[in-house]
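Q: build me a model:
(2 chains)
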Amino acid sequence: MDSLTASSTTTDSITFDLAQTSLREINHYLHHNLARGEKKIHILNPDGAHNIAVGLNAPVDVEILGHAGYYAASMNQLANVAIAGNVGTGVAENMMSGRVHVKGFASVSAGASAHGGLLIIDGDASLRCGISLKGADIVVGGSVGSFAAFMAQAGRIVVCGNAGEALGDSLYEAVIYVRGEIKSLGADAQIESMSEADYATVAELLAKAGFSYNPQDFKRVASAKQLYHWNADAVAGG
Amino acid sequence: MAGGTRIAPSAPKAPEVSLSALFSLSPLSSDFFFYHYCTGAQLCAPPLLTPHCYMTQSISREESWGYDRRILNYIQHAAAHGLYEIRGLGAKRRLPHFDDLVFLGASMSRYPLEGYREKCTTKTILGTRYATKPIQLEIPITIAGMSFGSLSANVKEALGRAATAVGTSTTTGDGGMTPEERLSSKTLIYQCLPSRYGFNPDDVRKADAIEIVVGQGAKPGGGGMLLGQKINPRVAQMRTLPEGVDQRSACRHPDWTGPDDLTIKIQQLRELTDWEKPIFVKVGAARTFNDVKLAVHAGADVVVVDGMQGGTAATQTVFIEHVGIPTLAAVRQAVDALEDMNMKGEVQLIVSGGIRTGADVAKAIAMGADAVSIGQAILMALGCNSETYVQNGTHYSAIEDYAAIGTAPGYCHHCHTGKCPVGVTTQDEILEKRLEPEVGARRVKNYLQTLNMELTTIARACGKQNVHHLEREDLVALTIEAAAMARLPLAGTDWIPGVQPM
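A: Below is the predicted model:
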């Protein structure tokens, strides 16, 4: 993409300004031109644009300097994306690997159906954080809204603040750790005792996310597995 | 599961439910009559005449319309188990369908084409609105999304081979893309479903188009249920769930909740694939006019409308029989929506749900579809509900295996059990061998080829050298219901119910 407008380039970094360069051009560059060897990409003036850095598939550092809209860094593979602002719906949706760090707050469905990698949200996450999670790890520095981890199948979620209503509704094998209060548990979710392995897991994820909370303060929420097999008791009313 | 035996010469009998079985009483016992209301008409003839009853045998065996054997069976099943029925395939009851329409072949006012000499093209292009790489098909008949998990890997491979052989596309399904399927399919549509089982960007990039599934004709508004007996290690691994667990597919996407969100979702998938691949949006037929308009507004290249006769691997019977609208009605609404937005031709329309014959294909196209998609009938072409299966060129009877799951060929809807006697809807390592990929591929290829020949035969008879030139003017309806739903004149009249004469 020869006509690409980059604000500045150095030997190991390139800066794009979304006020001057289209999202399509930037995403195209990120998909096809990273072989040139840039290790760091800066994106200025995101101004809430949707679909920034969708589908990255290289071990590159991308920093979005401002608020991003829907699906920021979604379907990420290998890349390390930092967002210095808030994000809209579906940040890191269906991420496969790598790391996405939101330094502000996240809207609904953060990390939805993510298979792998680590999503860090410094602030709060809204409704349905980690919905249909398939194996990724999510660490939320603040609180999560209602129906967090709804139908989450695999992976781990650490919530340093509080959890809203119906936490872990219809969980499969995913596990949630909550430091604060839980407004209510969803269908088939239950609070379980923490094992040494759980403390170690929480400590590891907090360290990766850069938080210094005490793992001993966390509760474990997992599936009671009553919905694993369809039967009259499990589906009453449903 | 009993092993297969050499084919039996006699045809199987359908399972019957008798009144005596329903009431667990002998119809000739005095107890039986005690439960029946006597008219006192004194019409009974010996030997039925008893002190308790004066009814004739025919009246005493008269079935209630409101409580026929089917509804009695349903009530007693519900009473016994406290659970609704989950089953596979589509609606069993008769619904207004393409059978209720006929073509007006050419005679004097139209000039037909010679069937065996004059060409009739069937080439079909899908995804011309935004995608830089639209799909080009040789025939306007595609294979619908059906999951690996619901279907065996052999079947998925067979579908890919067959589609490639006839120059059309096949589609993944809930469960993700298998390497065999990608390898065998020249043109493969990758579904993005609410469950997102096995969904990943690598496979999206390998696909030729992406179909965002909002709903399915057999269950608009509902999710799926793949029962644990079909979850073998490979299926479990692809779906990120433990083996043997009942898998509930979500009824809505986890990361968007409406048409405004869908707009951005479509952009996301376009960005991921550099705007190369067509984006289909599939809706279950219900409020079709509005849903199609919203899908187009959201940016779909192709809209897929799946009518009530569409099939499913497993869902509640109450959904299959009572939710959604017939395909016939949905096509007209979908075309109305496209025409209302002046997008007919720019956004392509695929119609599915109960397409079985070349006549169905031709009628859907004449009503305004650009292509059709077939699922359930493809399974039947593979051998679903057949008495036999073929292994190494030898036919074996599957009748005992049908009986073992409580059914018979021609009546089976037990896709959800994973015990498909002919190896189509199963993950059982013995049963799945009953459908050899090359045999299945040949049968599906033959079937699709036949449909296409029937389609072109009809098109020529209507004077068309391109099947896409079939038009509504070529059709009339045989019933008032079909005329009203399809907004076509009743045969032999100018009357279209609900439309004011010009």
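
Q: pull the longest helix from the chain.
A: No chain in the question, so chain A it is. helix A:196-209 (DSSP state H).

Q: my bad, chain B
A: Per DSSP H, chain B has its longest helix at helix B:437-461.

Q: any weak-confidence spans in the chain?
A: Assuming you mean chain A. Low-confidence segments of chain A, defined by pLDDT under 70: A:1-11, A:35-38, A:231-238.

Q: actually it's chain B I care about, not the one you picked
A: B:1-56.

Q: now do the helices in chain A.
A: Using DSSP H, helices in chain A cover A:23-32, A:196-209, A:232-235.

Q: for the stretch 1-150 of chain B, same thing?
A: Taking DSSP state H, counting those that start in this stretch as the test, the helices found in the stretch 1-150 of chain B are B:19-23, B:30-34, B:57-60, B:69-81.

Q: quick revisit: what's the closest of the helices of chain A to chain B?
A: When the helices of chain A are compared by CB to the nearest CB, helix A:232-235 sits nearest chain B, at 4.1 Å. Any C-beta I mention is one placed from the backbone N, CA and C, and that applies to glycine too.

Q: and the most centrally placed residue in chain B, how close does it get to chain A?
A: In chain B, the residue lying closest to the centroid (CA atoms, centre = their mean) is residue B:310, at 3.0 Å. Look at residue B:310 and chain A: by CB to the nearest CB, to the nearest Å, they are 23 Å apart.

Q: tell me the secondary structure at the closest residue to chain A within the stretch 351-500 of chain B.
A: In the stretch 351-500 of chain B, the residue that lies nearest chain A is residue B:416 (10.4 Å; CB to the nearest CB). Under DSSP: H, G, I helix; E, B strand; the rest coil, the three-state class of residue B:416 is helix.

Q: leaving out chain neighbours, which residue sits closest to it?
A: residue B:314 (3.5 Å; CB to CB, 6 or more residues apart in numbering or on different chains).

Q: got it, and residue B:451?
A: Nearest non-adjacent residue to residue B:451, counting by CB to CB, 6+ apart: residue B:358, 4.4 Å away.

Q: count of neighbours near that neighbour?
A: Using other CB atoms under 10 Å in any protein chain shown, residue B:358 is surrounded by 20 other residues.

Q: that one is in contact with residue B:455, isn't it?
A: Yes: using CB atoms under 8 Å, residue B:358 is in contact with residue B:455, at 4.5 Å.

Q: okay, and the common contacts of those two?
A: The contact sets of residue B:358 and residue B:455 do not overlap (CB atoms under 8 Å, 6 or more residues apart in numbering or on different chains).

Q: for stretch B:481-488, which outside residues touch it?
A: For stretch B:481-488, using CB under 8 Å, 6+ apart, the contacting residues are B:96-97, B:100-101, B:326, B:328-329, B:331-332, B:367, B:472, B:475-477, B:489-490, B:495-499.

Q: and the residues you listed, which of them are in strands?
A: B:101, B:475, B:476, B:477 (DSSP state E).

Q: at the contact with chain A, which residues of chain B appear?
A: Proximity of chain B to chain A, by CB under 8 Å from any CB of the partner chain, involves residues B:81-83, B:86, B:195-196, B:199-202, B:204, B:225, B:227-228, B:239-242, B:245-246, B:248, B:250, B:254-256, B:261, B:264-265, B:267-268, B:271-275.

Q: what about stretch A:202-219, start to end distance?
A: 10 Å (CA to CA, to the nearest Å).

Q: report the buried residues of it.
A: A:202, A:205, A:206, A:209, A:211, A:215, A:218, A:219 (16 or more other CB atoms under 10 Å in any protein chain shown).

Q: contacts for that stretch, please.
A: Counting by CB under 8 Å, 6+ apart, A:118, A:120, A:137, A:139, A:141, A:156, A:158, A:160, A:177-179, A:182, A:191, A:194, A:198-200 sit against stretch A:202-219.

Q: thinking the residue of the stretch 351-500 of chain B closest to chain A is in contact with residue B:88, fair?
A: Yes: Residue B:416 is in contact with residue B:88 according to CB under 8 Å; the separation is 5.0 Å.

Q: returning to what we had before: going by neighbour count, which of the contacts of stretch B:481-488 are buried?
A: B:96-97, B:100-101, B:326, B:328-329, B:331-332, B:367, B:472, B:475-477, B:489-490, B:496.

Q: if we can go back for a sec, now the residue nearest to the centre of chain B. Nearest residue, chain neighbours left out?
A: residue B:217 (2.9 Å).

Q: for that neighbour, give me phi and psi.
A: With angles defined as degrees, to the nearest 10, residue B:217 sits at phi -60, psi -30.

Q: tell me the contacts of it?
A: Residue B:217 touches B:90, B:284-285, B:305-310, B:324, B:327, B:330, B:352-353, counting by CB under 8 Å, 6+ apart.

Q: same deal with residue B:212?
A: Residue B:212 makes contact with B:191, B:192, B:253, B:262, B:265, B:266, B:269, B:279, B:280, B:281, B:282, B:300, according to CB under 8 Å, 6+ apart.

Q: mind running it again at 6 Å?
A: B:192, B:281 (CB atoms under 6 Å, 6 or more residues apart in numbering or on different chains).

Q: ok, which stretches of the stretch 1-150 of chain B are strands?
A: For the stretch 1-150 of chain B, the strands defined by DSSP state E, counting those that start in this stretch cover B:5-6, B:86-87, B:101-103, B:124-126, B:135-137, B:141-143.

Q: tell me which of those strands sits most buried.
A: Neighbour counts (mean count of other CB atoms under 10 Å in any protein chain shown) averaged over each of those peak at strand B:141-143, with a mean of 27.

Q: give me the contacts around that one.
A: Applying CB under 6 Å, 6+ apart, the set of residues contacting strand B:141-143 is B:159, B:163, B:168, B:169, B:170, B:361, B:371, B:372, B:373, B:378, B:448, B:451.

Q: hang on, the first one packs against residue B:172?
A: Looking back up the chat, that one is residue B:159. No: between residue B:159 and residue B:172 there is no contact under CB atoms under 6 Å: 10.2 Å.

Q: my read: residue B:278 touches residue B:133, true?
A: No: if you go by CB under 6 Å, residue B:278 and residue B:133 don't touch, sitting 7.8 Å apart.

Q: of the two, who's got more company?
A: A direct count of neighbours by other CB under 10 Å for residue B:278 and residue B:133 places residue B:278 higher, at 27 against 14.

Q: for that one, which non-adjacent residue is closest in space?
A: Residue B:278's closest residue in space is residue B:127 (CB to CB, 6+ apart), at 2.4 Å.

Q: that neighbour: what's it in contact with?
A: Residue B:127 neighbours (CB under 6 Å, 6+ apart): B:134, B:135, B:278, B:301, B:302.

Q: again, only using 8 Å
A: Shown in contact with residue B:127 (CB under 8 Å, 6+ apart): B:133, B:134, B:135, B:209, B:277, B:278, B:279, B:280, B:301, B:302, B:348.

Q: just to revisit the earlier point, now, the residues of chain B next to chain A that are in strands?
A: B:86, B:225, B:248.

Q: surely residue B:106 meets residue B:461?
A: Yes: with contact defined as CB under 8 Å, residue B:106 reaches residue B:461; the gap is 6.3 Å.
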